[in-house]
Each structure stands twice: as structure tokens, then as C-alpha cells.
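> Next come a sequence and a model predicted from it.
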Amino acid sequence: MDFIIKLPVSKGYNSILVVYDRFSKISHFVAMTEKIMAEGLARLFKNNVWKLHGLLESVISDKRPQFVTELTRELNKMLGIETAIYGISPIDR
């Protein structure tokens, strides 16, 4: 997963989300704005990548680890997935 940013504005977009599936060798290019937040990015991912490939097995990105954590948290929330925190069940939280 990576971003192409600082592009000239076209139809209100100035960036591209690039997602590459290592297994199928398919690349997805999704138009977006540079100022998108985690919730919006998760929505783009869900609507353009998840619906075709399902849940992620792993994410490789040069962004900070908090970025991937926040994206995963938002995506799980949208899909209704409750995540456990290293052995603590959602009921015990």
C-alpha cells in the first residue's frame, strides 16, 4: 500500500491510493484527496479492494505503524469485527 500525492487536481482528487496484491499480482489505483483521514481511507479500501479480495493477510507500507493500526481499526469497525487485544476478550475490556 502506498500513495501518490501532490498531483494536479482532477475532478476534485489530487492523490492516488495504490494497493498491490502480491498473490494475484493485481494493482488497484483509487483516486482520493491528500487530506483523507483513516475512516475515509478505510471506506475507500473496503469499497475498492476488500470487496474483491477479502480481509488482509498483511500490510506492507512505508508509513508509520500507527497509520496501519488506525486503518485496520477503522476497517474492522466498518466490517463489524471485534478485535481482541493480545489475549483479552472484548467482553473483559
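Perfect, I can see it now. Everything numeric here is computed off the predicted structure, so don't read it as measured data.
> correct me, but L7 touches I16?
Yes: using CB atoms under 8 Å, L7 is in contact with I16, at 7.0 Å. C-betas here are computed from N, CA, C, even on glycine.
> between these two, who's got more neighbours?
I16 (15 against 12; other CB atoms under 10 Å).
> quick one, phi psi at the more buried one?
The phi/psi pair for I16 (degrees, to the nearest 10) reads phi -130, psi 130.
> which ones are touching it?
Going by CB atoms under 8 Å, 6 or more residues apart in numbering, I16 touches 3-4, 7, 29-32.
> Extract the CA atoms of the longest helix anywhere in the chain and return them as CSV.
Ranked by number of residues, the top helix in the chain under DSSP state H is helix 65-79. Provided in CSV are the C-alpha atoms of helix 65-79 (Å, rounded to 0.1, in the frame of the first residue of the first chain):
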residue,chain,number,x,y,z
PRO,A,65,3.0,1.8,12.3
GLN,A,66,0.2,3.9,13.8
PHE,A,67,-1.1,4.5,10.3
VAL,A,68,-1.6,0.8,9.6
THR,A,69,-3.1,0.3,13.1
GLU,A,70,-5.6,3.1,12.6
LEU,A,71,-6.6,1.9,9.1
THR,A,72,-7.1,-1.7,10.4
ARG,A,73,-9.1,-0.4,13.4
GLU,A,74,-11.4,1.6,11.1
LEU,A,75,-11.8,-1.2,8.6
ASN,A,76,-12.6,-3.7,11.3
LYS,A,77,-15.2,-1.3,12.7
MET,A,78,-16.9,-0.9,9.3
LEU,A,79,-17.0,-4.7,8.9
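> helices or strands up against that helix?
helix 38-45 (3 or more CB pairs under 8 Å, 6 or more residues apart in numbering; DSSP states H and E).
> Would you double-check that E57 falls in a helix?
No: counting by DSSP: H, G, I helix; E, B strand; the rest coil, E57 falls outside a helix, being coil.
> And it, how far from E34?
28 Å (CB to CB, to the nearest Å).
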